[in-house]
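S.K.: here are the coordinates; sequence isn't available:
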């Protein structure tokens, strides 16, 4: 995001000469409804399988719960005392990512990405340090005393952190890291030293604005993690942790549990385009040279350039699979203000959604809870189309809530995590399950 989360998550634009066409909504009802499971949360940000029966639910302000299938919660951990976060207001800091080790049933290890106070070695005028740490669970409780900090990234501003983590089919841990905050991926004034003159997204000597991949099981000398040998810069040319780059603010990053096991990531844009990407090794996703497929103008973000603002040389860019206009720049035709990712649906309860990427927009309004759901469908020609997904329980055209995140359980069924205020202080957070209409 740029300033407050919705306010910095702008994307979209006119004519995208790529495969992402926005299809009209299908006639008739969706056959999908949202079943309310949990209330009285703040800002639920992660829901993931725990043991095949129960799920882990993380709140951005610190608590992590065990959730039964009927929505009953039990404490698992509380990161509140570890965080630098502005309780009671909008904030992009907090608990941002949670993932269980692929061999969790045997080793009981799990990983959390969270916003910690600024470490002593960071620039003194920066905001905080993002920690990716390993912990061990003892039964149904986390032992926070077992913390082993794997990786730390100093953040100049409170926003554009990203922070989603996930284990890939290769067993390595992936992290979506935002560009460091403020807006446009440029310094706000001459005194600002948050990035070089060409931004963080295209700078291969910073972990800001990147997709990162590390090996948590084989630490290298002097590190608490290892570098996969096939990482693009494992042998030089950039930081060895980098897997892909040109990232602005990834507010959602998940692996498809089926198909080709692809890594889906959503990019909160500046003012014109919101986009969905499939991340590939060594891919350059354009930021801040591009937003969507347009040349981005860092000095006037709503006026795209006819050529890049600096020479990218021989750089090749990966186009988004889907992109939609942001209401900030396109008040008449925009589809939302800030994209929220998303999973490819691989459950059994809703066969009409099989293989579709389910995602959302945070809200169609800055301060009103008007989140909306969408689907992305890959055609036989490989091109993607975007459709509305209107739950029959919420036929008003929006959910009446801000869509904070999605979750997936052991069976591949999906959950929508919402908040009523857009801030971290009230108990308006809810968890909904996508189910067959009539159930």
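M.R.: Nice, I can see it. Every value quoted in this text rests on a predicted model; they were computed, and no experiment measured them. Numbers count the residues shown, from 1 in each chain.

S.K.: contacting residues for residue 401?
M.R.: Counting by Cβ atoms under 8 Å, 6 or more residues apart in numbering, residue 401 touches 369, 371, 418, 419, 420, 428, 430. The way it works is simple: take the backbone N, C-alpha and C, and place the C-beta from them, glycine included.

S.K.: Highest neighbour count among these?
M.R.: residue 419 (28 neighbours; other Cβ atoms under 10 Å).

S.K.: my read: that residue touches residue 431, true?
M.R.: No. Taking contacts as Cβ atoms under 8 Å, residue 419 lies outside contact range of residue 431: 10.8 Å.

S.K.: Find the residues that touch each one of those two.
M.R.: residue 44.

S.K.: How confident was the prediction at residue 383?
M.R.: Here, the pLDDT recorded for residue 383 equals 97.

S.K.: Sorry, slip of the keys, the one I care about is residue 4.
M.R.: The model's pLDDT for residue 4 equals 41.

S.K.: again, but for residue 11
M.R.: Reading off the model, residue 11 has pLDDT 33.

S.K.: What is the nearest of the contacts of residue 401 to residue 315?
M.R.: residue 371 (34.9 Å; Cβ to Cβ).

S.K.: now the closest one: how far from residue 210?
M.R.: 28 Å (Cβ to Cβ, to the nearest Å).

S.K.: thought residue 250 was touching residue 265?
M.R.: Yes. With contacts counted by Cβ under 8 Å, residue 250 reaches residue 265, the gap being 5.1 Å.

S.K.: pLDDT below threshold where in the protein?
M.R.: 1-28 (pLDDT under 70).

S.K.: ranges for the helices of it?
M.R.: In the chain, the helices defined using DSSP state H lie at 5-8, 104-107.

S.K.: hmm, who's touching the longest strand seen in the chain?
M.R.: As assigned by DSSP state E, the longest strand anywhere in the chain is strand 141-155. Identification of contacts with strand 141-155 by Cβ under 8 Å, 6+ apart yields 64, 75-77, 79, 82, 110-111, 115-116, 118-119, 121-123, 126-137, 161, 175, 177, 180-181, 207-208, 212, 214, 216, 224-225, 241.

S.K.: Pull out the buried residues from the residues you listed.
M.R.: 64, 76-77, 79, 82, 110-111, 115-116, 118, 122, 126-137, 161, 175, 177, 180-181, 207-208, 212, 214, 216, 224-225, 241 (16 or more other Cβ atoms under 10 Å).

S.K.: Just those residues: which are in strands?
M.R.: Of the buried ones among the contacts of strand 141-155, the ones assigned to strands by DSSP E are 64, 76-77, 110-111, 115-116, 128-137, 175, 177, 212, 214.

S.K.: Name all residues that make contact with residue 378.
M.R.: By Cβ under 8 Å, 6+ apart, the contact set of residue 378 is 321, 355, 384.

S.K.: quick one: which of those sit in strands?
M.R.: residue 384.

S.K.: Turn the contacts of residue 378 into JSON lines, columns for distance to residue 414.
M.R.: Converted to JSON lines, the contacts of residue 378 look like this (distance: Cβ to Cβ, whole Å):
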{"residue": "321", "distance to residue 414": "19"}
{"residue": "355", "distance to residue 414": "13"}
{"residue": "384", "distance to residue 414": "19"}
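
S.K.: Of the contacts of residue 378, keep whichever come out buried.
M.R.: Counted by 16+ other Cβ under 10 Å, the contacts of residue 378 give 321, 384 as buried.

S.K.: unless I'm mixing things up, residue 411 is touching residue 347, no?
M.R.: Yes. With contacts counted by Cβ under 8 Å, residue 411 reaches residue 347, the gap being 5.8 Å.

S.K.: the more surrounded of these two?
M.R.: residue 347 (18 against 12).

S.K.: measure the more buried one to residue 71 for me?
M.R.: The separation that residue 347 has from residue 71, given Cβ to Cβ, amounts to 18 Å.

S.K.: now residue 169
M.R.: 30 Å.

S.K.: The two: who's more crowded?
M.R.: The neighbour comparison of residue 169 against residue 71 (other Cβ under 10 Å) goes to residue 71, with 16 against 13.

S.K.: Just to check, the more buried one is in contact with residue 41?
M.R.: No. The criterion here is Cβ under 8 Å, and residue 71 misses it with residue 41 at 10.8 Å.

S.K.: So for the two, which residues contact both of them?
M.R.: residue 431.

S.K.: which among the contacts of residue 378 gets closest to residue 256?
M.R.: residue 355 (8.8 Å).

S.K.: residues touching the nearest residue to residue 103 once chain neighbours are set aside, list them.
M.R.: Spatial nearest neighbour of residue 103, chain neighbours left out: residue 109 (7.8 Å); criterion: Cβ to Cβ, 6 or more residues apart in numbering. Contacts for residue 109 (Cβ under 8 Å, 6+ apart) come out as 100, 101, 103, 134, 135, 136, 137, 216.

S.K.: Quick check: the nearest residue to the first one once chain neighbours are set aside vs residue 130, distance?
M.R.: It refers to residue 100. Spatially, and ignoring its direct neighbours in sequence, residue 100 is nearest to residue 110 (4.9 Å; Cβ to Cβ, 6+ apart). From residue 110 across to residue 130, the span is 17 Å (Cβ to Cβ).

S.K.: just residue 233 next, same as before
M.R.: Relative to residue 130, and taking Cβ to Cβ, residue 233 is found at 20 Å.

S.K.: what does residue 321 give?
M.R.: 27 Å.

S.K.: do the same with residue 261
M.R.: 26 Å.

S.K.: same deal with residue 119?
M.R.: 10 Å.

S.K.: ok, residue 132 touching residue 165?
M.R.: Yes. Residue 132 lies in contact with residue 165 (Cβ under 8 Å); the separation is 6.6 Å.

S.K.: Quick check: neighbours shared by these two?
M.R.: Common neighbours of residue 132 and residue 165 (Cβ under 8 Å, 6+ apart) are 97, 111, 113, 173, 175.

S.K.: didn't residue 246 look like it was pressed against residue 286?
M.R.: Yes. Counting by Cβ under 8 Å, residue 246 does reach residue 286; the two are 4.7 Å apart.

S.K.: which neighbours do these two share?
M.R.: Joint contacts of residue 246 and residue 286 (Cβ under 8 Å, 6+ apart) are 201, 317.

S.K.: Just the ones of the contacts of residue 401 in strands?
M.R.: Per DSSP E, the subset of those in strands is 418, 419, 430.

S.K.: Export those to TSV and append columns for distance to residue 395.
M.R.: Shown next, in TSV, are these (distance: Cβ to Cβ, whole Å):
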residue	distance to residue 395
418	17
419	21
430	18
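
S.K.: Now do stretch 257-272: distance to the chain's middle.
M.R.: With Cα atoms, centre = their mean, to the nearest Å as the basis, stretch 257-272 stands 8 Å off its chain's centre.
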